[in-house]
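> Predicted model follows, preceded by the sequence.
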Amino acid sequence: MTNAYQQAYDKSLKDPSAFWGEAASAVHWYKTWDKVLDDSNKPFYRWFVGAETNTCYNAVDRHVKDGRGKQAAIIYDSPVSNTSRTISYDELLDQVSRLAGAMAALGVAKGDRVLLYMPMIPEAVIGMLATARLGAIHSVVFGGFAPSELAVRINDAKPKVILSASCGIEGSKVLAYKPMLDEAINLSDFKPSHTIMAQRPQAKAELIAGRDLDWAEACAGAKPADCVPVKATDPLYILYTSGTTGAPKGVVRDNGGHMVALLWSMKYVYNIKPGEVFWAASDVGWVVGHSYICYGPLLNGSTTVVYEGKPVGTPDAGAFWRMISQYKIASLFTAPTAFRAIKREDPNAELLKKYDMSCMRALFLAGERSDPDTINWAVSNLKVPVVDHWWQTETGWAIAANCLGLHEFPIKPGSPTKPVPGWGLEVLDEGHQPCEAGKVGSLVVRLPLPPGALLTLWNADQRCIDSYYSEFPGCYKTADAGMIDEDGYAYVMSRTDDIINVAGHRLSTGGMEEVLASHPDVAECAVIGVADQLKGQLPLGFICLKAGVTKTDDQVIAEVVKLVREKIGPVAAFKTCTVVKRLPKTRSGKILRGTMQKIADNQDFKMPATIDDPAILEEIEESLEGVGYAKARKESAE
């Protein structure tokens, strides 16, 4: 008998209009669509053409009208500032409509842009919703981005108003935002008319008369604004991808398709009911924060969590367990790097035993490849399904997952399970022909992409075509390499530029990382390809050791080299590995392999704007010098 997943998947590909038209009945429309799917301007497909709606109405007002006003909408917990509060749907409606009114008084209207430069406080979510309420387009820039990077995004989005806060808090460090925002505006050719600043007690922002408004004062004196109907195909937001080279790409998301997809995913991917607490431990500056801190849970009538802290050190490696137990969180969604950090500090999960975790039904991991060792550790300690799922800024939600609301499949560590309904996932070889089961190739998605995926790039249709649609005609290029096995499980091995060519053999660095991570003393690892005169490229490994390891670094290195030879074979030519204290990452937890590779090969590189701590690169350079690389690197000017 065909399971519910297979039925949904088959229908979504055979008759996408019927499938998504049915899903759209869960959304409130001021006017329904003339056509579910418009394919008249390929590859720019449009969903729910002719329909009118408002995302904020669906995320807030609708639930108040349906009697959920007293229910918690947002739980805010900030161990770094020792504060917490709960905001009901009634309170959220009041705060959102007042901020929208304050922005409307400044001239913000349908189609205008509003930029947010915010820490992880509820005002970040309130700002996104208030912008959507007016039919305006928000662009969230990760709080703490350097002024030069912020200026590039101001120039591109041209926001009428900027929403910000006086500071963010990183661990024990208070990071003043206002001086960076002022510098960014000075650097930018485009000048916003106003900023609205949320003042925090840890640092007060100096306001410029005539331009800067105090958030609390502006909202207190504002007339609450009603929702503005917009077309389903109108943009909801621009989110700039965190590329390390070239101008950032502004991914554009629509209103209608975005709502339909996220609401469907809350029910069928995450299996979350209205009223339940869902926690995406990310940041509003990233796509996960947009989809599953702000919009997904609130569209679903659930309770979302805004957490200002780290998985370890706030105050210890039990921070996540405390949150889940205290707030009765049904599902947690985080990056594998968070669990590797917890595992490294508390390998035997002693801190977990202090908390009642009976409320937790599932753990979802995404943002980077989840190594089997981390998944097995989480499964054995949490004793709930651990769902590795795969998606991208451009896709907006999961391409492949174990859809717990449809059918729970057995977990295969290393695989994000099966393609999600709507996503026609295929593996193509270098000749653009389908690969046989188990063979690694380029992962692509047959068009049309489902609702919720990118509309285009902001003011850059041709760049969108060049980036995603030109290489594989009729398909979206994920730029990930992987395979689909004989059971239909997808495997994402690495970015296609992380496939290395060793003496003519195409090898996945991700496959080698899996082997390294399986060693009992390794907490975290990365493998890059470095230039070699004889073989073209050779793999080079970096490993971080777990707390309390008594072996010498050389002993562990010898063991992991032997392990790769046993598991992958001599063809991998894996002989060089170095032990490091930590790996360079973006603030969202992605390892900066490309930057590490440039350092190893003595190439110039631009400091990645998204790097969590630039000092790590010096540590990496020293480690590389110890194994004969990075001898003549010169860093290019930022």
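Sure thing, it's come through.
> what residue of this protein is the furthest out?
L534 (38.7 Å; C-alpha atoms, centre = their mean).
> where are the low-confidence patches of the protein?
Scanning the chain for pLDDT under 70 picks out 1, 242-246, 494-499, 501, 503-506, 588, 632-638.
> Where do the domain boundaries of it fall?
54-309+389-418, 503-626 (automatic domain parsing).
> Quickly compare the ones you listed and say which is most buried.
domain 54-309+389-418 (a mean of 21; mean count of other C-beta atoms under 10 Å). C-beta: built from backbone N, CA, C; applies to glycine.
> distance between it and the chain's centre?
How far domain 54-309+389-418 lies from its chain's middle: 13 Å, per C-alpha atoms, centre = their mean, to the nearest Å.
> likewise stretch 479-499?
19 Å.
> in the stretch 201-350 of the chain, which spans are helices?
215-220, 256-268, 287-289, 296-299, 319-327, 336-345 (DSSP state H, counting those that start in this stretch).
> which strands and helices sit next to the last one?
When contacts are defined as 3 or more C-beta pairs under 8 Å, 6 or more residues apart in numbering; DSSP states H and E, helix 336-345 sits against helix 372-382, strand 522-532.
> Nearest residue to N255 in space, please, no chain neighbours.
L236 (4.7 Å; C-beta to C-beta, 6 or more residues apart in numbering).
> Distance of the closest residue to M259 other than its chain neighbours relative to L262?
The shortest distance from M259 to any non-neighbouring residue, by C-beta to C-beta, 6+ apart, is to V27 (5.1 Å). Plainly put, V27 is 10 Å away from L262 if you go by C-beta to C-beta, to the nearest Å.
> can you map out the strands along the stretch 1-150 of the chain?
Ranges of strands within the stretch 1-150 of the chain are 35-38, 46-49, 52-53, 72-78, 83-88, 113-118, 137-142, based on DSSP state E, counting those that start in this stretch.
> G101 is nearest to which of those?
strand 113-118 (13.7 Å; C-beta to C-beta).
> would CSV of the helices and strands packed on helix 336-345 with distance to L93 be doable?
Shown next, in CSV, are those (distance: least, C-beta to C-beta, whole Å):
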stretch, distance to L93
helix 372-382, 35
strand 522-532, 43
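> Point out the one among the ones you listed that comes closest to N41.
Nearest of these (C-beta to C-beta): strand 522-532, 39.2 Å.
> Could you list which residues are in contact with the residue most central in space within the chain?
Nearest residue to the geometric centre of the chain (C-alpha atoms, centre = their mean): V288, 3.7 Å. Taking C-beta atoms under 8 Å, 6 or more residues apart in numbering as the criterion, V288 is in contact with 280, 282, 333, 366-367, 588.
> Pull the number of nearby residues for the residue lying closest to S17 once chain neighbours are set aside.
Excluding its sequence neighbours, the residue lying closest to S17 (C-beta to C-beta, 6+ apart) is V36, at 4.0 Å. Using other C-beta atoms under 10 Å, the number of residues around V36 comes to 25.
> shouldn't V36 be in contact with R46?
No. Shown here, V36 and R46 do not form a contact pair, counting by C-beta atoms under 8 Å, at 9.9 Å.
> Could you tell me how many residues sit around F339?
Neighbour tally, F339, other C-beta under 10 Å: 24.
> what about the residue nearest to it when sequence neighbours are not counted, distance to T578?
With C-beta to C-beta, 6+ apart as the criterion, F339 has its nearest non-adjacent residue at 5.2 Å, and that residue is T374. Taking C-beta to C-beta as the measure, T374 falls 21 Å from T578.
> just A366 next, same as before
28 Å.
> V64 now?
V64 is 56 Å from T578, by C-beta to C-beta.
> for M596, same thing?
11 Å.
> intersection of neighbour lists for the two?
Joint contacts of M596 and T578 (C-beta under 8 Å, 6+ apart) are F542.
> picking up where we left off before, check contacts around the residue nearest to S17.
Per C-beta under 8 Å, 6+ apart, neighbours of V36: 16-18, 20-21, 24, 47-48.
> In helices, which of those residues appear?
16-18, 20-21 (DSSP state H).
> The helices and strands packed on helix 336-345: which one's closest to N58?
Nearest to N58, of the helices and strands packed on helix 336-345 and by C-beta to C-beta, is helix 372-382 at 32.4 Å.
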